[in-house]
Each structure stands twice: as C-alpha cells, then as structure tokens.
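Visitor: just to be clear, the model below is a prediction. Sequence and coordinates:
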Amino acid sequence: MMDYQQLIKETALADDRYIVMTAENRAVIRELPPLLGGRFIDTGITEQCMIGTAAGLALRGRIPICHALTTFLILRAYEFIRTDVGIANLPVKLSGFIPGVLSDGNGPTHQALEDISLMRGVPHMEVFAPADHQDMVEMLPHVWSSSAPSYVRLNTRFTDYKHEPFTPGKAEVIGLGTDVTLLVYGFLFEQALIAKQLLEGHGLSVGMINLRTLKPLDETAVLDALNDSTLTVTIEDHFQTGGLYSIVAEVLLRHQRSANVLPIAFNERWFRPALLDEVLSYEQMTGEAICQRTLDHLEKTK
Amino acid sequence: MSLPPHDLDLLHSRALRVREHIINMSTGGGCFIGASLSCADLIVYLYTSFLNISQDSFDADDRDFLLLSKGHDVPALYGTFVELGWMESVRLKNHLHTNDHIYWHPNRHIPGIEFHSGSLGHLPSVGLGIAMDNQLKGLDNRTIVITGDGELDEGSVWEAMLVASAYKLKNYTVVVDRNAFQANIETEELIPLEPLDDKFKAFGCSVRRIDGHDFVQLDEAFSALPFAEDKPSVIICDTVRGKGLPSIERRADRWFVNFSEEEIQGLHRELHGGETTTLTSETLTVR
C-alpha cells in the first residue's frame, strides 16, 4: 500500500494542478521537493502566508495541498482559512499533522483538540478523520479530487484492521449492537475496537461506527446508532465542546430526540503530555479504560 | 519615456469623474472617503495606462492582476470600473442595498474584482499565490497588490514580503497608499512606520518612493518595473487623505463619512474649484 508521501507524489505527478505546500513541516514529505520542483512550495514558518498564497494559487486553478502541524495550520491561520479559502469556497486541501493525542509529548501548544470544531464551522469546508493509515490512504484520493475546501486530521498510524473502501459521505459500520454503540473517529478507532471486544466479553451487544467524515455527516448512520442502542458512546481525542459529542447533540435536537450518550473526550482541559501510550493510560482512553467507563456509565444510568 | 499630453488629459479628467463617483457614494450610509480619494489617482493610472486587463481578458492566463488589499477604498475602484465601462453608473446607487453587491469592501460578485478584502494583511499573500502561478507557467504578467499604510501593522504583510523575496518574484509588486493615517490617527503617532523604504529594502524588496498624485511620477515608476531581476518591487505612493477636497484633506475626523445631500452638492462644487464646503454632519472619532 502506498504511504502518505507516495500518494501525494503520485497524485501531483499525474496532475500538474496539484501544488504541495508546507510551513516548514517537511518530516513526512521530505522526499517531495526534488520530485515536484516548483510545485513544492515551502513558505517557511508562515502559516497565514501559506494559506493566503494557497488561496491565490487555487484562484488560478491550482489545487494546493497544505501540510503542516495541525495546531499551527488551523489555529495560527484560522482567519485566513475562514476568509480566503472559506468565503471564496476554493479547493485548498488542508492536511493537519499530529492532531489530537498524536502530538503526545509536545505539550498543550501543539495539542489540536478543537480542529473538528473549528473546521466544521467554516461554510463549505469538508472535514475528514481517518481511523488509521489504511483508512487515510483510501480516503485521500476522494478528498483531493473534490472541488470543496477540506481539512484532514492526518493519521499515519498502522493498525491490522481491514477497512471497507471509502465512500464519500458514508460512515463505516464496524458492527451493529443493541446495548451500546461506540461512535469514533480518528486515532482512537483502535482503542474503541478493543473496547468493543471487551464489552462483548461482558455479554453486551455492541455496535461501532467509524465516522470517517465529520462534515458532511452520515446522519443516517448516527441516527441508526442512537435508535438501535440503549447507550451511545462518543469517543474522540478532542475537546468535548464542538466535536462529535456536539455533533450528536445537534442531530438529536434536529430530530427532536433525546438519548443516553456518554462523551469520552477532553472536558475543558488539555491532556497531560507524555509518550502516546502513557497519555492514553493517564487520560483513560485505552480500550480497557473506555470499556470500564462505559460499564460504569451503564451501571449509573440503569 | 513620458506620458503624452493626450494621456495626461485623459487621466486627469477620468480621475476627476472617479472623485465625483466617490463623493456620490459618501451619503445614504456613507463610505471611507478619505482613503478612496488618496488612491484614486493611482487606481485610475493603473487601469488607464498600465495594466493589461480588459473586460474581454478576465479569463486570460497572461493578463495582469490587481488586488486591492486595503479594501475600504473600493469606491475608487468602482468609480474607475464605471469610467472604464465595466460597470453601469446606475449601479453605484445600489451602494449598501441588498439588490446588489456594492458595499464597503470589494467582492468577486463585481466583474473585475479579483478577490474580496476587508480583513487587512490578506491580499499580499493571495497575490503571492497568483504571482507564483504565473512564475510556474513561465509568464511575465504582473501582479500588483495595493495596501494601505496602516495595514502594514499586520505581520502577515511582512510574511508575504519575506516569501516573495525568497522566491525572487520579480513580477510581484506591492504598492503602498501612504496617506499617513489609519482610521483617524496619524500612523506616526500610533505605530510609526518610517523609515518605510528601509523596512521594505531590509525584507529584500527593490523600492521606489513617489508622489502618488503625480501621473508622470506614477508612469515613470510603473514603467520601470521590475526594478530588479531577482526581487519583488515596492512602490510607496506618498498621498494625501481626502485628496481633491480641501475641506477634508488630511482631516483626521473625515475618514468615514455619511454626508447630507446638501454637503454632497457643496463637495461637488468644491471638487470643481468652488469654495470650501462647510461640513456639519457628524464625524467619527475613535481617538
């Protein structure tokens, strides 16, 4: 399977509308400059300038893929994304590296825990969060060939899970269950999968959905989960405000429904920085911890 | 090379008519008259004598591009579009009404507007993208970005200058409408910008400074572009805010105005050499 860098390379070499841009975050795309020549543009540590420049390039028919660390890409340049890319509805493709807990030991300056919230608030912007490397590689060709502006919460981590082919606007249904349904996107997919198996070991009927696309949302998949299960658990390495938990609340309100929903997210705080495995343990976001939190909530709301 | 007398006459008469349009837009909700008048001569010069842009060439790859980054001076641009025949003059009466897209900042609903602005410090970067695309295509066409001087407070302007220098974008030119005011504050009293030439030079640009109301100087400077083969160019146009209307020239409190019909009539007479108008409408003072 091609990796992220190979995929960008193949895409850009096949179609000279593609421009690869970065704000000096070259780690996973370091081989591209000599291959793409003038179509690799590194603006240095100038995220605002990079996004404005990307808008200018898109105005001339180019499709810029802007790769940078998520916090700086979307927070430093937020008003440029909203004003230059959003208002003009230009096909600028934002690629956010080390989102959520993937920033592990960097500390809160690097913790993008509001990316879904902010990006889905930009009119026209499409928002994607792959579960792992394979899911991302399946998804990216669709993301980049769309005429819409987009944000992808990059995830280069490998898992053993064999995903279904990506269909735009569709979530991936991992399983259906009547007791609990786990709604998850991005890196915590793997932990949710462990939690699913553990909960099933407790005799529960457990469904699970990999959202894949946060905007536009596969509302049918979310509604089905809410209808079919006693408890829905939203699992995200994101602030509790504005992400999946909020999205589910909006769906419920739109359909005049209420439901038992447990949010697993960061509530009004950043996470404790450390190596990734320790972050997951400390923040109770391992499969085991998600299982236990779900069981505790079921007991409490019985 | 100098402008033939015929061209000078056309520029002067066209700039006068554009100022009439600006005055007409200064009522019924008002507009940013001071900044519009300070760059009116520059904009008229560019569209009349310099830029390779016509209504028929909007889709052409090799035409020139002009981006108005300071945004709130858009009455000068719309007035110029009317004089070029790109826009019917009756549309200016739609200013601030929902039946059209003519409001305080430019937007792409109006043919000829390259990009929306209003949030300062954006179009130096957007223009950079256009210039980079032209450079990639091996084209020699020009990208001109007009900024305000107060706008230069924005760090993103300087990011764009650093990157333009790094990429040696010789056909990328930033033009500063140096009218010495931001809102109703003198720039040098708030965040001093001088020596402005040196700042741009230090960022790797080749710089000229001219009187932005003198068509001969404008023509000499723009005809000399690019100033260097391996650098972006900057033209600092020293201008007078409110230029052409002595009753508001350099008046800090007359940046945004909403005049009465009587004042508008007086200002038209003043523009054509009549007495200075007595202005009684409310002023907008922030400091």
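Guide: Nice, thanks for sending it over.
Visitor: how about the residues of the stretch 51-200 of chain B that lie near chain A?
Guide: Contact residues (C-beta under 8 Å from any C-beta of the partner chain) of the stretch 51-200 of chain B with chain A: B:108, B:114-116, B:119, B:121-136, B:155-156, B:159-160, B:162-163, B:166-167. For the C-beta atoms, the positions are set from N, CA and C on the backbone; glycine is no exception.
Visitor: 6 Å - rerun?
Guide: By C-beta under 6 Å from any C-beta of the partner chain, the residues of the stretch 51-200 of chain B that approach chain A are B:116, B:119, B:122, B:125-126, B:128-130, B:133, B:136, B:156, B:159-160, B:163.
Visitor: show me the contacts for the nearest residue to B:Arg251 once chain neighbours are set aside.
Guide: Of all residues not flanking B:Arg251 in the chain, B:Gly242 sits nearest, at 6.3 Å (C-beta to C-beta, 6 or more residues apart in numbering or on different chains). By C-beta atoms under 6 Å, 6 or more residues apart in numbering or on different chains, the contact list for B:Gly242 reads B:34, B:37, B:248-249.
Visitor: out of the residues of the stretch 51-200 of chain B next to chain A, flag the one nearest to B:Asp238.
Guide: Proximity of these to B:Asp238 was ranked by C-beta to C-beta; the top entry is B:Ala160 with 22.0 Å.
Visitor: isn't there a helix covering that closest one?
Guide: Yes - counting by DSSP: H, G, I helix; E, B strand; the rest coil, B:Ala160 is part of a helix.
Visitor: other SSEs contacting the lengthiest strand in chain A?
Guide: Across chain A, the longest stretch assigned as strand under DSSP state E is strand A:231-239. Applying 3 or more C-beta pairs under 6 Å, 6 or more residues apart in numbering or on different chains; DSSP states H and E, one finds that strand A:231-239 contacts strand A:180-184, helix A:244-254, strand A:261-266.
Visitor: A:His124 is nearest to which of the ones you listed?
Guide: Closest to A:His124 of those, according to C-beta to C-beta: helix A:244-254, at 17.3 Å.
Visitor: quick one: mean pLDDT for the closest one?
Guide: Averaged across helix A:244-254, the pLDDT comes to 97.
Visitor: quick one: residues in contact with that helix.
Guide: Contact with helix A:244-254 is made by A:219, A:222, A:234, A:236, A:259, A:261, A:263, A:265, as judged by C-beta under 6 Å, 6+ apart.
Visitor: please identify the buried residues of it?
Guide: For helix A:244-254, the neighbour count (16 or more other C-beta atoms under 10 Å in any protein chain shown) marks A:244-248, A:251-252 as buried.
Visitor: so how far is that helix off the chain centroid?
Guide: Centroid separation for helix A:244-254 versus its chain: 17 Å, with C-alpha atoms, centre = their mean, to the nearest Å.
Visitor: which among the buried residues of helix A:244-254 gets closest to chain B?
Guide: A:Ser246 (26.9 Å; C-beta to the nearest C-beta).
Visitor: surely B:Ile23 is in contact with B:Arg269?
Guide: No - in this structure B:Ile23 lies outside contact range of B:Arg269 using C-beta atoms under 6 Å: 10.4 Å.
Visitor: what score does the closest residue to chain B within the stretch 101-250 of chain A have for pLDDT?
Guide: Closest contact between the stretch 101-250 of chain A and chain B, by C-beta to the nearest C-beta, is at A:Pro123 (13.9 Å). We note a pLDDT of 97 for A:Pro123 in this prediction.
Visitor: host element of it?
Guide: A:Pro123 is part of no helix or strand when elements are defined by DSSP states H and E.
Visitor: find the nearest non-adjacent residue to it, please.
Guide: A:Gly86 (5.9 Å).
Visitor: pretty sure the one you found sits against A:Gly121.
Guide: No - assessed by C-beta under 6 Å, A:Gly86 is found out of contact with A:Gly121, at 9.3 Å.
Visitor: count of residues packed around residue 207?
Guide: This is for chain A. Look at A:Gly207: counted by other C-beta atoms under 10 Å in any protein chain shown, it has 21 neighbours.
Visitor: my question was about chain B, not that one.
Guide: For B:Val207, the count of nearby residues is 21 (other C-beta under 10 Å).
Visitor: and the helix or strand hosting it, which strands flank it?
Guide: For B:Val207, the host element (DSSP H and E) is strand B:206-211. Using DSSP bridges, strand B:206-211 pairs in its sheet with strand B:233-238 (parallel).
Visitor: hmm, who's touching the strand it pairs with?
Guide: B:42, B:173-178, B:196, B:200, B:205-209, B:211-212, B:221, B:225-227.
Visitor: now those residues: which count as buried?
Guide: Judged by 16+ other C-beta under 10 Å, buried ones among these: B:42, B:173-178, B:196, B:200, B:205-209, B:212, B:221, B:225-227.
Visitor: how long is stretch B:39-57 from one end to the other?
Guide: Between the opening and closing residues of stretch B:39-57 there is a gap of 24 Å (C-alpha to C-alpha, to the nearest Å).
Visitor: now swap in stretch A:227-245 and tell me
Guide: 16 Å.
Visitor: buried residues in it?
Guide: Neighbour counts using 16+ other C-beta under 10 Å place A:229-240, A:242-245 of stretch A:227-245 among the buried residues.
Visitor: stretch A:135-145 now?
Guide: For stretch A:135-145, by 16+ other C-beta under 10 Å, it's A:135-140, A:142-144.
Visitor: hang on, the earlier thing: now do the SS call for the residue nearest to B:Arg251.
Guide: Using three-state DSSP, the three-state assignment for B:Gly242 comes out as coil.
Visitor: can you map out the strands along the stretch 51-200 of chain B?
Guide: B:65-68, B:143-148, B:172-178, B:181-182, B:185-186 (DSSP state E, counting those that start in this stretch).
Visitor: now do the buried residues in the first one.
Guide: Spelled out, that is strand B:65-68. Residues of strand B:65-68 classed as buried: B:65-68 (neighbour count, 16+ other C-beta under 10 Å).
Visitor: now those residues in JSON lines, with pLDDT?
Guide: Formatted as JSON lines, the buried residues of strand B:65-68 follow (pLDDT from 0 to 100):
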{"residue": "B:Phe65", "pLDDT": "98"}
{"residue": "B:Leu66", "pLDDT": "98"}
{"residue": "B:Leu67", "pLDDT": "98"}
{"residue": "B:Leu68", "pLDDT": "98"}
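Visitor: phi and psi next, for B:Asp73.
Guide: Dihedral angles of B:Asp73 (phi, psi; degrees, to the nearest 10) stand at phi -90, psi 20.
Visitor: residues near it, how many?
Guide: B:Asp73: 29 neighbours (other C-beta under 10 Å).
Visitor: again, but for the one 4 residues further on
Guide: Summarising burial for B:Leu77: neighbours were counted as other C-beta under 10 Å, giving 26.
Visitor: how about the contacts made by it?
Guide: Here B:Leu77 is in contact with B:43, B:68 (criterion: C-beta under 6 Å, 6+ apart).
Visitor: now swap in the one 3 residues further on and tell me
Guide: Residues in contact with B:Thr80, defined by C-beta under 6 Å, 6+ apart, are B:18, B:43-44, B:47.
Visitor: export those residues to JSON lines and tack on neighbour count, secondary structure and pLDDT?
Guide: Formatted as JSON lines, these follow (neighbours: other C-beta atoms under 10 Å in any protein chain shown; DSSP: H, G, I helix; E, B strand; the rest coil; pLDDT from 0 to 100):
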{"residue": "B:Val18", "neighbour count": "27", "secondary structure": "helix", "pLDDT": "98"}
{"residue": "B:Ile43", "neighbour count": "26", "secondary structure": "helix", "pLDDT": "98"}
{"residue": "B:Val44", "neighbour count": "28", "secondary structure": "helix", "pLDDT": "98"}
{"residue": "B:Tyr47", "neighbour count": "22", "secondary structure": "helix", "pLDDT": "97"}
